[in-house]
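S.K.: how would this look folded up:
(chains A and B)
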Amino acid sequence: MTAKIIQTNSTPFKTVDVDAVTVDIIENALRNVREEMDAVLFRTAMSPGIREQGDCFPMVANRDGKMVVGQFGSFIHGFMEAYDGQLEDGDIILTNDPYMCNAAVSHLPDWIVLIPIFKDGRHMAWSAMFGHMSDNGGMVPGSIPIKAETIYQEGIRIPPTKLYKKGVLQEDVLELILHNVRTSEWNRFDLNALVAACRTAAKRCVEIADRFGDDIFFTTMQIMLDRNLEAMRAIINMIVPEEPSYFEDYVCDDGVGKGPYKIACKMWREGDVAIFDFNGTDPQAKSSINFYLNEDMFKMFFGSFTINLFDPHILFNDGFYELVDVRIPEGSLLKPKFPAALSGRTHALGRIFDVMGGVLGQGAPDAMNAAGFSDSPHLFYSGYDKKGEWFQLFQIGFGGIPGRPVGDGPDGHSLWPGFTNVPNEFIEAYFPLRIVKYEPIADSGGAGLHRGGNGLSVAYEFLVDGEIAVHDERWLTYPWGVRGGEPGMRSTKRLVRADGSEEWLPAKCDGVSVKEGDVLYFNTWGGGGWGDALEREPAHVAADVSRGLVSVEGAKRYGVVIGSDGAVDAAATDQLRAKMREGREDSGLFSFGGTIEEIKARSLEETHLPAPEAP
Amino acid sequence: MTFRLGVDVGGTFTDLLLVDESSGHTYMAKVPSTPEDSSIGVLNGIDRICDESDIDPTKVMQVMHGTTVATNAVLTRKGAKVGLITTKGYRQTLQVARSFCPGGLGGWVSYVKAPLLAPLELTIEADERMDAEGNAVSALDKKALRKDLKALADTGEVEALTVCLLNSYINGAHEVEVREVAQEFFGDIPISISSEVVPEMQEYERTETTVVNSYVRPQVSKYVTNLKSSLEERLGDDVHLAILRSDGGLASARAAGESPVNMLMSGPAGGVAGAMYFCKRGGFENILTFDMGGTSTDVALIQHGEARIRRETRVSDITVRAPSVDVRTIGAGGGSIAFVPELTKALRVGPDSAGADPGPAAYMKGGEQPTVCDANVVLGYLPSDVKLGGAMTINRDAAEKAVQTLADAMGIELMTAAEGIIKIVNESMLGALRLVSVEQGYDPRDFALVGFGGAGPLHANALGTLSGAWPVIVPPGPGVLCAYGDATTQVQDEASQTFVARVDQITAKQLIAELHALREKAAVSFEEDGISADQQQVTYQADIRYAGQAFQLSLSVTDEELKSKGLAVLTDEFDRQHEQLFTFAHGKDHEIVMIRAIVKAKSSLTADLKEVSGKATDPKDAVIHETRYYYEQEWHDAAIFDRGKLGIGTVISGPAIVSEMDSTTLILPGHAATVDKVGNLLINPV
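M.R.: Numbers count the residues shown, from 1 in each chain, chains lettered A, B, ... in the order given. Model prediction:
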């Protein structure tokens, strides 16, 4: 480590005996701290991205920088290596550069605030939080330029910088940064909110140490890490076989004509250690869709996905990292070389979850889910409203949760924790837009014993001239089904001009001019189906039809015939199902909707868009 | 001589409190609840209480009632079949439910969505559109609507109808039109329209709230109507029935039947009102209430004698935009089950509960898993060696056996495990108290802590120690405090309106005019119920925030303040509170988002309730039994005192246990309890 922490009190912390109940109490108190960080941020942030959609993540780490409470794992180790300076009580660090914090944040719009927590002159812990800022400067409003080829085009890069020195705000630095973004007031508020949340956490940690004793607090954090280690050791032995399993999935394109990009993952176990090897993943893209994947972050994804099944009350943390070995090839889509552009990383990040589901599921087919809405596709709309004021809208799209062992996937929902849509009445009140339609797309969820959730169709009518940008996925490859379930329907973006003409927008584009009266139909994808659709209770299919979630025609995918009265035609259903069973082959564990070659060959005809070239 | 009656219907018992309005004398009764028709239990209770007190039932002029009829309809999903009419393109607003999946990363894997309260089969669209300024973009297509309404009516399924159209919070004209057309097909089926129930921005929340109103409306109406007529039969035609609202005010039976969505937290609001009543009279204006029951615990913060009101109400997974006392509920109570997950060997308590059936192991009704109650028995906090007034028989051996299983799983001693359970559950309670205090910018040490409910007085002393909130107050009748709350509150109604405006773009005069219009709207129900203008008190509120921010505060304001100081009276106070809560203030770009007028009827209760005798007594005379309990790894000898025999000023030093009809108060070593002038037990460290 090159960063140096200045303590005025060098008495070392001691490891002491802590009884189990005290550990549980401190664990509970730290859970409260984390929840309080969220509460403070949501209430004081200003941008719709954070306050309504919840695009932000808190953390408390121990003295060594290991995350004790949080979600996305610790980046403090990487930061300490990158930061060549001294840290003192009252300092607050700000950064947004993935290349300087070991990819703790993976693109520039995510700003991290980090506080070293001191008590009586001794460095005791860390608090940190990052949030997605509405704008970070650079080529396009919203700062996710598709065509960027280097990170220099993606807006201001903030290396680890002291925003506060010994408690004093460095106003010059702050103003310099805010001067470079289009939404300086939103960012100012959101940054204030991140600082307030981290300070709250720092205060609470000092209070906990006051209550129980510094050494007990110090020791308990280590015990909590050990708890995760032991729990994960057992889980890994249960669910990761020694025999390798392999899965690959794709990011459909890079926005500049290449694709699809393969993400390959092989998983096996050696002793207590689970190994995830991404060898075979395609090389990095020329555009901004690269996802600089922090190995620790992947461990966190893996751990949080599995540990909740066994003790949902546990405070999930970094403690088990030594049990997971993640291998990512240099220069690949998941570990691009500096200065590769990174801002459009959301698609590969989301797809990692499908890959993980696919690779883990082969060892435990009973517990596996189909492919779902593993992404945050988005729409930007910006310009000057009728009063001449600048506006900039960032809308995240939601879609179909996959069919799962527990049942159907919800329609038009989010896979990300805490995310919600922005109310349409809010958007209409604050932006020059009318949302003409907001509804799940019938039949877009893959058919199955448990149906995939439907994608969402949102019709945006633009009320002033402006520019839009679209960042979308799964327009080419399918959200796959499992155990006989069918894939879900893919995404589309259809722009209907005020004069009645129509065009199909590519999945990734920016700088598209729109005029008053144009309507964009932004259709997201459905979740994959789970299990054999022909086994689904016909009455459930009929109920979906009467709810507008499946059409009468779409019911036939389940082998169900709906009569003119809306009820199941039992005889016709039996007949149809028998016929469908007759001709079909065993689909295997996954249904991908064809090979990549087949899908590409059908691209223009089915999607109205030419197939991309292999990268 | 006239009487008023407070009635609280809970899941197991119906509590009644009869108050002599001129003298303040009270009479109490507890009878079993009758869930199939709660009014039967209420009438049984009235018979009992009038019989025991020898009071002529016709002298009871007012019945004030906290009810869980609406809450239970939601909890048990046994409300009406609701039909819904939305704007074209928005039929699936409830289905999408703001796209939210609860839980952490991967929470979606196990998320099972509950059925919609207004099923999609019974949801139709109206072709019409308002814009965000309230201008009609397209008129209502009545012809198409008639066709769809007819089909909906022909299903014969709809028991209550809801209309919620986009942007109707700013202009409800299309909703009114839809209702007129719908009446042609639906006759006397009740129709709730969102611009009347909750004229607030955000289509999902407004739709859900209006649908919940419809969902509980037939049941609540029926219940209230039946109860009213049975009461009139028993108590005379001149009896007035009022129902406690979630926000702690009373509504007339008629008003309650029309907007039952406002009654969802009627029960907890009663407890808070009761706590406020006794604490105010004891001189405590700033309190944290701590109401611990069998399966859950409710906490709230009261500042300057006023409960914080929140603009939403939550019942299990349903959240509606209806004002309620800001009560936070956590799923831990006396019946919560303790367990040790195999993988982590941690000690966890709840959220699973043994409930009333099978109940804690100590009650010998078939429960075998260790609960918080069992830990209290093992530790001696809930005495098992002497039978106390009214309480169930407690079997210590059964409790020990249950707790021992947990001790074995953790590899620790029985008593250590029992103390562990209590400490863990107390820590969860502390977490709940923090939600309403530190997370809102309040320091619990500036508040007194009031413990009530079945288990609150057992844990209150320990929570005082953890939170630093002193004194710990155990009011009289902690197990029937809701009935006290019901009997001591006032009739209240409010009208609110979304009013989005930048403060620097409007004048105080405009705001005053809007507020006066709301006052008239809010007072309508008072006039219908015969409460004249001179019996009304009005409060105005504005919800204010920095433009674009989610955080907003409801600030109270008067005519006079607005006239003399202008709008700065709001913005300055907002900046001050923002700074207190979040360490920074913006100082500009204030925006008003919502305004409201709250009208209260003046109270007719003139006498104070008398719950305690006027002189200090010798504690020795009140001892029921000598026992011992286990605390901080050692046994302490302790006496059990009869609360009924403790006069004003009596001091009980811990370790001690104070017992009364339906509750047990634990006084820890190093603490003492004093009986104050209204009968509260005030526990302080010594």
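
S.K.: So which bits of the stretch 1-150 of chain A are right by chain B?
M.R.: Residues of the stretch 1-150 of chain A found near chain B (Cβ under 8 Å from any Cβ of the partner chain) are A:20-21, A:23-25, A:27-29, A:31-32, A:36, A:39-40, A:42-48, A:51-52, A:71. Just so you know, the C-beta spots here come from the backbone N, C-alpha and C atoms, and that holds for glycine as well.

S.K.: of these, buried ones?
M.R.: Burial by neighbour count, judged by 16 or more other Cβ atoms under 10 Å in any protein chain shown, picks out A:20-21, A:23-25, A:27-29, A:32, A:36, A:39-40, A:42-48, A:51-52, A:71 from the residues of the stretch 1-150 of chain A next to chain B.

S.K.: Disregarding residues adjacent in the polypeptide, which is nearest to the residue of the stretch 351-500 of chain B found nearest chain A?
M.R.: Nearest to chain A, among the residues of the stretch 351-500 of chain B, is B:Gly420, at 4.0 Å (Cβ to the nearest Cβ). Closest residue to B:Gly420 apart from its sequence neighbours, by Cβ to Cβ, 6 or more residues apart in numbering or on different chains: A:Val21 at 4.0 Å.

S.K.: got it, and A:Pro116?
M.R.: Nearest one to A:Pro116, counting by Cβ to Cβ, 6+ apart, is A:Leu87 at 5.2 Å.

S.K.: So which residues of the stretch 401-550 of chain B form helices?
M.R.: Counting by DSSP state H, counting those that start in this stretch, one finds helices in the stretch 401-550 of chain B at the ranges B:414-436, B:456-467, B:481-487, B:508-528.

S.K.: any chance of these in TSV, plus mean neighbour count and mean pLDDT?
M.R.: Shown next, in TSV, are the helices of the stretch 401-550 of chain B (neighbours: other Cβ atoms under 10 Å in any protein chain shown; pLDDT from 0 to 100):
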stretch	mean neighbour count	mean pLDDT
helix B:414-436	22	90
helix B:456-467	25	95
helix B:481-487	31	88
helix B:508-528	17	86
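
S.K.: So which of the ones you listed is nearest A:Glu389?
M.R.: Smallest distance to A:Glu389 across the helices of the stretch 401-550 of chain B (Cβ to Cβ): 22.9 Å, for helix B:508-528.

S.K.: From the contact counts, what lies against that closest one?
M.R.: strand B:250-252, helix B:253-258, strand B:492-502, strand B:536-546, helix B:559-565, strand B:590-601 (3 or more Cβ pairs under 8 Å, 6 or more residues apart in numbering or on different chains; DSSP states H and E).

S.K.: These: which one's closest to A:Ser287?
M.R.: Taking the helices and strands packed on helix B:508-528 one by one with Cβ to Cβ, strand B:536-546 is closest: 37.3 Å.

S.K.: does chain A sit close to the closest one?
M.R.: Yes - counting by Cβ under 8 Å from any Cβ, chain A is contacted by strand B:536-546 at B:Tyr546.

S.K.: What residues of the following helix or strand past that strand count as buried?
M.R.: Note on strand B:536-546: by DSSP states H and E, the next helix or strand toward the C-terminus is strand B:553-557. By neighbour count on 16+ other Cβ under 10 Å, the buried set for strand B:553-557 is B:Ser554, B:Leu555, B:Val557.

S.K.: And stretch A:163-177, by the same measure?
M.R.: For stretch A:163-177, by 16+ other Cβ under 10 Å, it's A:Leu163, A:Tyr164, A:Val173, A:Leu174, A:Ile177.

S.K.: Now go through those residues and say which are in strands.
M.R.: A:Leu163, A:Tyr164 (DSSP state E).
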